[in-house]
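**Student:** this one's structure only:
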């Protein structure tokens, strides 16, 4: 069972001392904090009694508890969980390494992980790898050095054996959005291959033969899987793929704009585009808005307001919140002792037709 | 000076043991971790020598360092920062309490805080208050119980005196987006009053006399400030305000949709709307898309793709990343010893005209 640090007790023990100090001078004065000894002395009780009250243990008379609470109030005492952490081995905190805290796609995933952690009384430490494998490793190991109970990682790198000693030492680890590299571990993914295949098949079904694919860097698992889905759908439809229709790389607006314009130029331009994630779609939609020609578009990931554009944008949506929730629930199952072999959960995507993906090629 | 826990050392000391254990059985086995004693024993050196190597201190011969590193590698030893935290008083971590990790508006703020923390070698613990003052208090105090060095709080509540003992004990605290309640503390805000006043004046300047305001709950500082800006602009323009044109409350799509439809109904409907934040705007834009009549709109906060709607949405944009960066930099100035009185920084907003705010009332 997870040793939960209850979030309530600190609240119970934190009324506002009438002798509250002014908020000036936030310059740290460590050691200024009152200790349990101070509380015990002021309340005229033993240290163990104070500890019982602070940790909500039984065996204290109401009168004594009141005296201790008064002393806690007067001194502004707060329990220091760091000490408990060393004593009990659990920190009631989990670490989340994601790609970019600023990316709206990861925001609901982040919140979903937080909600599950909160339900287990655990706090969330998180950070962005910025697609840098070294930074992912630094973050994950820094979290481990703080002795998080568990890790949820959206991998930037493709070799996670550096985490094996941590996992062996008891830090439960679940990978989400992308699987672990060169290591067997729990993973919760969206069906990137199936989703892309469905989206591209949808374009082919509307009469398109020259379909472009613009995606993220090929070393990113989801980008590679979505490209695989594109190729499978083209093959299913008996359509040849001209490699000039395929472009993987950074999702910067500059590159995506240039690649979109390139695919729309020339004697035999693409008549439809499949964009590999929310950032690519946002840029491509901007380019298409300035193109007189009618070009069909299906994007992977939904976008806010996508339903209000004209044409509204057809997307292959994944459920980011469900990804986070499922990964976090698996993490706490491990922390609660689940020992079955690592498992991979693949969540379905959903094709949402709104107009841009149903445009037929111009005659 | 902030005692920085360098992120690199753990990386330096974590090559993959050839005897790497399998990733099965993530069930925690605390105590299984090798200690410095184990490393010292295996390397045949003293404990102090291991400590010097682990903490990158001088006074160890290259040969000895290699022997210690080999032992660290073979045993998969990792430094435990929890112990250092208790010894040194600083945790090189900061806590961020925001309203909703899933809200795209806060995502760039979150990332900006992380980047500043990272530059100072500190990790980020964060969580969502969900606009619940009690949950904000639980989170902030739980972060304090973990001995974060500093706190950045987007307030949900309006009384923060519960933090006074923490601040007095040395936990630097900066409020962002909204000021502290009933307490004098550092705060970094956007100019909600000035921004709303400018946006509403913009609508009045385009001939609107009946302008509606739909905002968040009145107890939220930014919502109250934006309403104040609306009233000021109406007064400046010599326009009376019919209270049926003003609606503050939860930003749920249901409520916002109903209020928008109500203001557009009746014999004297509003001809323009000012929406108080990104969530209100997203819903109002959807309602207006289905209304045959031409209604002008200016929204507070920018939205992705807002420039691609027809008409494109005119907004009063605030710089969420700059809010976070400024707040985090002020926090670390405090941690570095800055002792001047609490100060309030107000960042300017920017009116971005795109079309919806320039529509004139129908004759």
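**Tutor:** Nice, thanks for sending it over. None of the values given here were measured: they were computed from a predicted structure.

**Student:** for residue A:201, what is the enclosing helix or strand?
**Tutor:** Element membership for residue A:201 (DSSP states H and E) is helix A:192-205.

**Student:** which neighbouring elements make contact with the following helix or strand past that helix?
**Tutor:** Note on helix A:192-205: by DSSP H and E, the next helix or strand toward the C-terminus is strand A:211-215. If contacts are counted by 3 or more Cβ pairs under 8 Å, 6 or more residues apart in numbering or on different chains; DSSP states H and E, strand A:211-215 sits against helix A:192-205, helix A:221-236, strand A:246-248, helix A:253-264, strand A:272-275, helix A:278-289. For the C-beta atoms, the positions are set from N, CA and C on the backbone; glycine is no exception.

**Student:** again, only using 10 Å
**Tutor:** helix A:192-205, helix A:221-236, strand A:246-248, helix A:253-264, strand A:272-275, helix A:278-289, strand A:296-300 (3 or more Cβ pairs under 10 Å, 6 or more residues apart in numbering or on different chains; DSSP states H and E).

**Student:** export those to TSV and tack on distance to residue B:158, mean neighbour count and mean pLDDT?
**Tutor:** Converted to TSV, the helices and strands packed on strand A:211-215 look like this (distance: least, Cβ to Cβ, whole Å; neighbours: other Cβ atoms under 10 Å in any protein chain shown; pLDDT from 0 to 100):
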stretch	distance to residue B:158	mean neighbour count	mean pLDDT
helix A:192-205	45	22	98
helix A:221-236	43	20	98
strand A:246-248	50	19	98
helix A:253-264	41	17	98
strand A:272-275	44	29	98
helix A:278-289	36	22	97
strand A:296-300	42	27	98
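
**Student:** helices of chain A, start to end?
**Tutor:** A:8-12, A:36-43, A:47-54, A:62-75, A:81-88, A:106-119, A:133-145, A:164-168, A:192-205, A:221-236, A:253-264, A:278-289, A:320-335 (DSSP state H).

**Student:** relative to residue B:58, which of the helices and strands packed on strand A:211-215 is closest?
**Tutor:** With respect to residue B:58, and counting by Cβ to Cβ, the nearest of the helices and strands packed on strand A:211-215 is helix A:221-236 at 42.8 Å.

**Student:** and the closest one, what does it pack onto?
**Tutor:** Checking 3+ Cβ pairs under 10 Å, 6+ apart, helix A:221-236 ends up next to strand A:186-190, helix A:192-205, strand A:211-215, strand A:246-248, strand A:272-275, strand A:296-300.

**Student:** dump the ones you listed into CSV; add distance to residue B:245 as well.
**Tutor:** Output for the helices and strands packed on helix A:221-236, formatted as CSV (distance: least, Cβ to Cβ, whole Å):
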stretch, distance to residue B:245
strand A:186-190, 44
helix A:192-205, 44
strand A:211-215, 45
strand A:246-248, 50
strand A:272-275, 41
strand A:296-300, 38
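
**Student:** gap between residue A:227 and residue B:269?
**Tutor:** 51 Å (Cβ to Cβ, to the nearest Å).

**Student:** before we move on, back to that, ok, which of the helices and strands packed on helix A:221-236 comes nearest residue B:313?
**Tutor:** strand A:296-300 (20.5 Å).

**Student:** so what does that closest one touch, helix or strand wise?
**Tutor:** Against strand A:296-300 (3+ Cβ pairs under 10 Å, 6+ apart) you get helix A:192-205, strand A:211-215, helix A:221-236, strand A:272-275, helix A:278-289, strand A:314-317.

**Student:** how about CSV for the ones you listed, with distance to residue B:169 added?
**Tutor:** Converted to CSV, the helices and strands packed on strand A:296-300 look like this (distance: least, Cβ to Cβ, whole Å):
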stretch, distance to residue B:169
helix A:192-205, 49
strand A:211-215, 51
helix A:221-236, 45
strand A:272-275, 51
helix A:278-289, 43
strand A:314-317, 47
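
**Student:** of all those, which one comes closest to residue B:321?
**Tutor:** With Cβ to Cβ as the measure, helix A:278-289 is the member of the helices and strands packed on strand A:296-300 nearest residue B:321 (16.4 Å).

**Student:** how far does the closest one sit from its chain's centre?
**Tutor:** Counting by Cα atoms, centre = their mean, to the nearest Å, helix A:278-289 is centred 24 Å from the centre of its parent chain.

**Student:** now stretch A:140-149
**Tutor:** 17 Å.

**Student:** again, but for stretch A:51-63
**Tutor:** Distance of stretch A:51-63 from its chain centroid, counting by Cα atoms, centre = their mean, is 40 Å.

**Student:** pull out the buried residues from it.
**Tutor:** Within stretch A:51-63, the residues that count as buried by 16 or more other Cβ atoms under 10 Å in any protein chain shown are A:51-54, A:60.

**Student:** list just the nearest of these to chain B.
**Tutor:** Ranked by distance to chain B (Cβ to the nearest Cβ), these are led by residue A:54 at 10.8 Å.

**Student:** circling back to that earlier point, so for residue B:127, which of the helices and strands packed on strand A:296-300 sits nearest?
**Tutor:** Among the helices and strands packed on strand A:296-300, helix A:278-289 sits nearest to residue B:127 (Cβ to Cβ), with 24.6 Å.
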